[in-house]
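S.K.: How does the following fold in three dimensions:
(chains A and B)
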Number of protein chains: 2
Amino acid sequence: MLIRRIGAPLVFTAALLATSCSPSEAPDTRAAEAAAIQTLDEQWSATAARNDLDGTVAFYASDAVLLGPNAPIARDAKAIREAWAGMLGPNSAVSWKVTKVEVAKSGELGYLYGTYSLAIKDPKAPVNDTGKMLEVWKKQADGKWKCIVDTFNSDLPVPAPPPAGKK
Amino acid sequence: MLIRRIGAPLVFTAALLATSCSPSEAPDTRAAEAAAIQTLDEQWSATAARNDLDGTVAFYASDAVLLGPNAPIARDAKAIREAWAGMLGPNSAVSWKVTKVEVAKSGELGYLYGTYSLAIKDPKAPVNDTGKMLEVWKKQADGKWKCIVDTFNSDLPVPAPPPAGKK
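M.R.: Reported below is the predicted structural model:
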């Protein structure tokens, strides 16, 4: 009789553990979060393509770093803005495209990589670059995804230095 | 009397839920996993510093990609090995150092960034480079951390192209 009386709570316990407490049963939000990051990254590229400097830097977290080529690490918002100011402008055309996105099981940290193109119509120093980028994204305290580490580099060969004696 | 009889299982249930089932109570392994990745990365740098090509490429997952500068994405083990073969050798001195490591709450995905130096004593094309790198690490099915995305770029200015008419 005792067994029958405590049977219901134990079954309830087992059901609760099986449905909501097993780590393997935690909801897998990775695909949805990866899609969210990819959508944001597409919006980011479109924003940069419009040469919208304020809009472009708004995709970074407040503590983000930019590891841009041929420059030291940009460790704060001011340095990141300056780096972007050198790439955006009326003569610039920049855009990029995601190749792969992946998010951690816990759903708050992810990365993506892809390819970019950058053209600057500058008569003195024209740029026609293609390359690849790697971004790390982190969900912030307010639930919004922001880029926390951003880097890119060119696919093109290094320009040959001037021959000796012709500098 | 019924209440007293089912009291113990209910208390047991409540205790079990409180100690092992609340997501906020999951063990936080981030610091330990971050330290594990940093130790591996230090071993990786030491391995590359010995110009050990087999040892160096062994730090990559089988599906890793290398986004090296001035080259397209190295999308498989063969291409990654070729890229490293071009950097390592008896005249090479490469090493790097971690600046920051961060791991997801779920403990299977992380990243690090830091700084590197690369010198190659080649009389025709000597290299004296310093720069920064960003690596994404993922815990593999066997529990071992491997690098899944690796990229780096130089801090140094792009060499100026030869002046027009002096090519």
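S.K.: So which residues of chain A form strands?
M.R.: For chain A, the strands defined by DSSP state E occupy A:60-67, A:92-103, A:109-120, A:127-139, A:145-154.
S.K.: and the third one, average pLDDT?
M.R.: To tie it back to what came earlier, the one meant is strand A:109-120. Averaging pLDDT along strand A:109-120 gives 98.
S.K.: CA atoms of it as PDB?
M.R.: Coordinates of each C-alpha in strand A:109-120 appear next as PDB, following Å, rounded to 0.1, in the frame of the first residue of the first chain:
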ATOM      1  CA  LEU A 109      29.100  32.200 -28.600                       C
ATOM      2  CA  GLY A 110      29.600  31.600 -32.300                       C
ATOM      3  CA  TYR A 111      31.800  32.300 -35.300                       C
ATOM      4  CA  LEU A 112      31.500  32.700 -39.000                       C
ATOM      5  CA  TYR A 113      33.900  33.000 -41.900                       C
ATOM      6  CA  GLY A 114      33.500  34.000 -45.500                       C
ATOM      7  CA  THR A 115      34.800  36.100 -48.300                       C
ATOM      8  CA  TYR A 116      34.900  39.900 -49.000                       C
ATOM      9  CA  SER A 117      35.600  42.300 -51.800                       C
ATOM     10  CA  LEU A 118      36.800  45.900 -51.300                       C
ATOM     11  CA  ALA A 119      37.300  48.400 -54.100                       C
ATOM     12  CA  ILE A 120      38.300  52.100 -53.500                       C
END
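S.K.: Tell me which other helices or strands it touches.
M.R.: For strand A:109-120, the contact count by 3 or more C-beta pairs under 8 Å, 6 or more residues apart in numbering or on different chains; DSSP states H and E identifies helix A:30-49, strand A:92-103, strand A:127-139, strand B:109-120, strand B:145-154 as packing neighbours. In short, each C-beta sits where N, CA and C put it, glycine included.
S.K.: how about the shortest one against chain A, any contact?
M.R.: Yes. Applying C-beta under 8 Å from any C-beta of the partner chain, one finds strand B:145-154 touching chain A at B:149, B:151-154.
S.K.: Going by distance to A:Leu118, which of the residues you listed wins?
M.R.: Closest to A:Leu118 out of the residues of strand B:145-154 next to chain A is B:Asn153 (14.0 Å), distances taken as C-beta to C-beta.
S.K.: Was I right to think that closest one contacts A:Gly68?
M.R.: Yes. Counting by C-beta atoms under 8 Å, B:Asn153 touches A:Gly68, with 7.4 Å between them.
S.K.: Which single one of the residues of strand B:145-154 next to chain A is nearest to B:Thr47?
M.R.: B:Thr47 has its nearest neighbour among the residues of strand B:145-154 next to chain A in B:Phe152, at 16.1 Å by C-beta to C-beta.
S.K.: How much space separates that closest one from B:Lys132?
M.R.: Plainly put, B:Phe152 is 7 Å away from B:Lys132 if you go by C-beta to C-beta, to the nearest Å.
S.K.: Over to A:Ala35?
M.R.: Per C-beta to C-beta, A:Ala35 is found 30 Å from B:Lys132.
S.K.: If you count surrounding residues, which of the two has more?
M.R.: Counted by other C-beta atoms under 10 Å in any protein chain shown, A:Ala35 and B:Lys132 do not tie: B:Lys132 has more neighbours, with 23 against 12.
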